[in-house]
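A.B. asks: only geometry, no sequence info:
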C-alpha cells in the first residue's frame with residue numbers, strides 16, 4: 001500500500017470510530033419517548049439528529065483541522081461554511097422519518113469530498129448493526145456485528161434488475177418512465193442512504209431518485225458505492241458533483257454498472 005493509501009486507510013478507520021460514537025448517541029435517544037419537531041423547511045428533526053451532529057462535527061474538525069464541515073442541522077440553523085477543494089459532508093441522522101417510525105432504517109453518514117466528488121464515506125445503520133464504509137483506491141466493506149468483509153457491485157443477474165425505491169418519498173410515474181424498456185426482476189423499498197449501500201454490497205442494482213435530496217443525504221453512500229465499483233449520475237448521464245450552491249441535488253440514479 002502506498003503512503004497516500006495508507007494514510008487514507010487510517011483516516012477511514014478514524015471516521016468509522018466517529019460514526020460508531022454518533023450511533024451510540026442516536027440509539028440512546030431511540031430508546032426514549034423522543035419528540036419529533038419540524039424545521040423551517042418542514043422536514044423532521046429529533047434530539048438524535050442534533051446530539052449526533054454535536055459528536056461528529058468537532059471530531060472531524062480535530063481529525064483534519066481547517067477542512068470545512070458541512071452538516072445538515074448546522075446548515076438548517078443558517079451556518080453553512082464556505083466549501084473548498086476538500087470538505088466534509090455530514091448527515092447525522094438520515095431517515096428521520098424511519099427513526100420516528102422505529103423501523104430501523106436510519107443511518108449516520110459522514111463523507112469526505114475532494115474536487116467535487118466523494119472519496120471516502122461511512123454509513124452506519126445502528127439499529128440494524130450494519131456499517132458500510134469505503135474509500136476510492138481502498139475498496140469498500142461492510143461490518144455485520146463483529147465481521148468485516150469486502151463488498152463489490154455485482155453484474156446484473158440474468159433475471160433482471162433489482163430496483164430500489166424510497167420508503168418515505170417517491171414518484172411512481174417518473175420511476176416507471178425511467179425503467180421503461182429495462183428488464184426488472186423486482187422493486188424493493190428501503191429507507192435512507194442504505195439504498196446506495198445495498199447496491200455497493202451487490203444486493204441490488206439500481207436506485208433512481210426523482211425528488212428533492214441534499215448533498216449530505218447521499219454523499220457517504222455515494223463514496224461507498226464508488227469504492228465498490230458503482231456510480232451516481234444525473235439523468236443526463238453526467239456524474240453527480242458536490243459543493244453546489246445550496247447543496248441541493250438534481251434528479252439522479254445510482255447503479256452498480258453503467259446503464260445502457
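C.D. replies: In hand now; what should we look at? Just so it is clear, the model here is predicted, and its values are computed rather than measured.
A.B. asks: ok, the most centrally placed residue in the chain - contacts?
C.D. replies: The residue lying closest to the centre of the chain (Cα atoms, centre = their mean) is residue 221, at 3.2 Å. Residue 221 is in contact with 109, 121, 123, 132, 193-197, 200, 254, counting by Cβ atoms under 8 Å, 6 or more residues apart in numbering. (Glycine included, C-beta is placed from N, CA and C.)
A.B. asks: Please repeat the previous calculation with a cut-off of 7 Å.
C.D. replies: With contact taken as Cβ atoms under 7 Å, 6 or more residues apart in numbering, residue 221 is in contact with 121, 123, 193, 196-197.
A.B. asks: where exactly do the helices run in the protein?
C.D. replies: 3-30, 47-63, 72-76, 96-101, 172-179, 194-200, 215-227 (DSSP state H).
A.B. asks: Can you give the distance of the shortest one from its chain's centre?
C.D. replies: When you say that, I think you mean helix 72-76. 16 Å (Cα atoms, centre = their mean, to the nearest Å).
A.B. asks: Find the nearest non-adjacent residue to residue 29, please.
C.D. replies: Nearest residue to residue 29, sequence neighbours excluded (Cβ to Cβ, 6 or more residues apart in numbering): residue 48, at 3.8 Å.
A.B. asks: cool, residue 140 as well?
C.D. replies: Per Cβ to Cβ, 6+ apart, closest to residue 140 is residue 134, 3.0 Å.
A.B. asks: do the same with residue 118
C.D. replies: According to Cβ to Cβ, 6+ apart, the nearest residue to residue 118 is residue 223 (3.7 Å).
A.B. asks: Would you quantify the distance from that neighbour to residue 114?
C.D. replies: 10 Å (Cβ to Cβ, to the nearest Å).
A.B. asks: What's the local residue count around residue 24?
C.D. replies: For residue 24, the count of nearby residues is 12 (other Cβ atoms under 10 Å).
A.B. asks: Do a quick rundown of the strands in the stretch 101-250 of the chain.
C.D. replies: 107-114, 117-125, 130-135, 139-144, 147-151, 161-166, 184-190, 206-209, 231-234 (DSSP state E, counting those that start in this stretch).
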